[in-house]
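S.K.: need a structure here:
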Amino acid sequence: RMSETTVTGVTETTTEHEYFQIFHEEWSRVELPYVFFTWMLVTTFSKMGYNYIPLAKKLPESSVMILIGLLIGVFVFLVNLKVVTLTPDIFFLILLPPIIMEAGYFMPNRLFFDQLGTILLMAVVGTIFNMFTIGFSLYGLGQAGFYGEELKKIEYLEVLLFGSLIAAVDPVAVLAVFEEIQVDEVLNIIVFGESLLNDGVAVVLYHMFESFEQMGSASITGTDVVYGLISFLVVAGGGTLIGIVWGYICAITTKFLKPIYLLESLVVISMAYLSYLTAEIFHMSGILAITFCGITMKNYTEKNISEKSSTTVRIGMHLLANVAEMTIFLFLGIVTVINTEHYWNSYFVIATIVCCVFWRVMGVLILSKLTNMIRIKKINNIEQIIMMYGGLRGGVAFALVLSLESPNKYLFVTTTIAMVYFTVFFQGITIKPLVRLLKVKTRSSTSTTMGERVTSRLMDLAKKGVGDILGEKSEIPLRVRHAYKALEEDYLNKVFLREEKKEPKFYETYDNLLRVDALKSIGQHESGGH
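M.R.: Numbers count the residues shown, from 1 in each chain. Purely as a prediction, here's the structure:
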């Protein structure tokens, strides 16, 4: 290394030898992957602690992860560490897709489509109903001066924007709680299906009202509102269409993957994730895209890929979804402490919680009344109570509120955290005792027997036959299912399957029963040997 010194006008040049560095660090180069895998390990150890500590098992897993996150957040805050935690992009592009992908892929298709009318009513109409009722209730209370003078001038568009994100029932929170209480399949699919589609609807509404707020209430015309409604349909419908197309692309790809079966599981998971990202590129609903991609591809990929690949897909999706789910709740606890940009208004927080609970109850009552007019199996009062309790808020609302750019952002962030904590802790902890108290029907077994499969098929054919004779058209889901089944047998199976089988569900059930019998025989043999 050269250096120059000037003494009395004379410049002298000296050379310093730079020695070889034995040790040096490059933290900036590895920071992101290092932090990512560190958080995964922290989540894993936290889950281990939950399973080993008896006291923790008395609480829902999601609430325990938030408590652990709070403790980690306190430590990070005290030692003044700068860490990468939850941001909208990390949530929507990394953590949420694996959870929705698993939910869509393992969705019981028959149950989902049988209950689709009720699910859509609760998800679409229910979300819009909650958004407007919560938004205008909070706005009215603000105009009445309930929150104090500083919030009296709050804009109605700003409150409706907040209403759109706080109305989002979170599938992550619902999954975490409802997996533990094991309610009846029909009730479970209605609540979970609603939360899944509700998220897509809420995100679309959020972006629509975000645009309206940026335009300003004075600039909005009737044409803008009409365009907003058209945009809502395009974003939701476009996301669904992208998911279905990717599902078919994956099906036809796996059809020709027989020589390289080791890559089958990678193709399935990658294409499901690409459906989400493709929808996000075009500002469509990524949640709806990956949901319907999973629903579509499963019909064909499970019949195309090998048993080993199928097991790998199941384990891989379960692993990714479980880690992502727990990481979200962990981050919620951490961000609560390290995010210093809070603004607490007790009246606004209490009003939000009361409005969310009250309008959730009213929404379920009104929409259940409407859907029971056409449902054969009615939603009874006990099931309606569980549906009211299913309005859990979580990471989706929190990630959306972090991306807000409104004058009262910090107030909304603090209020959203309070609402998430209320639903996860109070509703999450009390729902299990409530299920036992009300004697809600629970799932006895998750596997389908051959007798149930045959009986179900016979009943479908009998109902369709009687309906054709009488000219009765009320069994719409059944007719749609038969129409799609006919389309599959005539065209789709020839395109997307390696080998066609008549009544593939019977073969699938038979294979599952053989597997269970084989495992039982192995277990008996091992116990007899000892």
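
S.K.: what about the longest helix in this structure?
M.R.: helix 222-255 (DSSP state H).

S.K.: For that helix, which residues meet the burial criterion?
M.R.: 228, 231-232, 234-236, 238-240, 242-251, 253-255 (16 or more other C-beta atoms under 10 Å). From N, CA and C alone the C-beta is placed, and that goes for glycine too.

S.K.: before we move on, what about stretch 430-445?
M.R.: 431-432, 435, 440.

S.K.: what's the answer for stretch 110-119, then?
M.R.: Within stretch 110-119, the residues scored as buried using 16+ other C-beta under 10 Å are 112-116, 118-119.

S.K.: possible to save the buried residues of stretch 430-445 as JSON lines with pLDDT?
M.R.: Converted to JSON lines, the buried residues of stretch 430-445 look like this (pLDDT from 0 to 100):
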{"residue": "Ile431", "pLDDT": "81"}
{"residue": "Lys432", "pLDDT": "79"}
{"residue": "Val435", "pLDDT": "80"}
{"residue": "Val440", "pLDDT": "77"}
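
S.K.: how about JSON lines for those, with distance to Val42 and secondary structure added?
M.R.: Listed next are those as JSON lines, based on distance: C-beta to C-beta, whole Å; DSSP: H, G, I helix; E, B strand; the rest coil:
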{"residue": "Ile431", "distance to Val42": "27", "secondary structure": "helix"}
{"residue": "Lys432", "distance to Val42": "27", "secondary structure": "helix"}
{"residue": "Val435", "distance to Val42": "31", "secondary structure": "helix"}
{"residue": "Val440", "distance to Val42": "35", "secondary structure": "coil"}
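
S.K.: Backbone dihedrals for Val424, both of them.
M.R.: Dihedral pair for Val424: phi -70, psi -40, per degrees, to the nearest 10.

S.K.: Any idea which helix or strand in this protein has the lowest mean pLDDT?
M.R.: strand 2-7 (a mean of 54; mean pLDDT, DSSP states H and E).

S.K.: and the spatially most central residue of the chain, how far is that from Arg393?
M.R.: In the chain, the residue lying closest to the centroid (C-alpha atoms, centre = their mean) is Pro171, at 4.1 Å. Applying C-beta to C-beta, to the nearest Å, the value for Pro171 to Arg393 is 11 Å.

S.K.: helix or strand right after whatever helix or strand Phe37 lives in?
M.R.: Using DSSP states H and E, the element containing Phe37 is helix 27-52. Next helix or strand after helix 27-52 toward the C-terminus (DSSP H and E): helix 61-78.

S.K.: pLDDT weak spots in this structure?
M.R.: Applying pLDDT under 70 to the chain picks out residues 1-19, 56, 175-176, 180-181, 259, 443-454, 456-479, 500-521, 523-530.

S.K.: Quick one: the strands in it, in order.
M.R.: Counting by DSSP state E, the chain has strands at residues 2-7, 10-15.

S.K.: Go through stretch 301-312 and flag the buried ones.
M.R.: Across stretch 301-312, burial judged by 16+ other C-beta under 10 Å covers 301-305, 309-310, 312.

S.K.: which two of the residues you listed lie the greatest distance from each other?
M.R.: Lys303 and Thr312 (16.0 Å; C-beta to C-beta).

S.K.: hang on, the earlier thing: if I pick the residue nearest to the centre of the chain, what's in contact with it?
M.R.: By C-beta atoms under 8 Å, 6 or more residues apart in numbering, Pro171 lies in contact with 99-100, 103, 192, 195-196, 199, 396.

S.K.: which two in the residues you listed are spaced the farthest apart?
M.R.: Largest pairwise distance in these, by C-beta to C-beta, is 14.1 Å, between Phe192 and Val396.

S.K.: Between these two, point out the one with more neighbours.
M.R.: Val396 (28 against 22; other C-beta atoms under 10 Å).

S.K.: measure that one to Ile100 for me?
M.R.: 10 Å.

S.K.: now do Glu25
M.R.: Applying C-beta to C-beta, the value for Glu25 to Ile100 is 38 Å.

S.K.: again with Leu67
M.R.: 26 Å.

S.K.: go on, Phe192?
M.R.: Going from Phe192 to Ile100 by C-beta to C-beta gives 11 Å.
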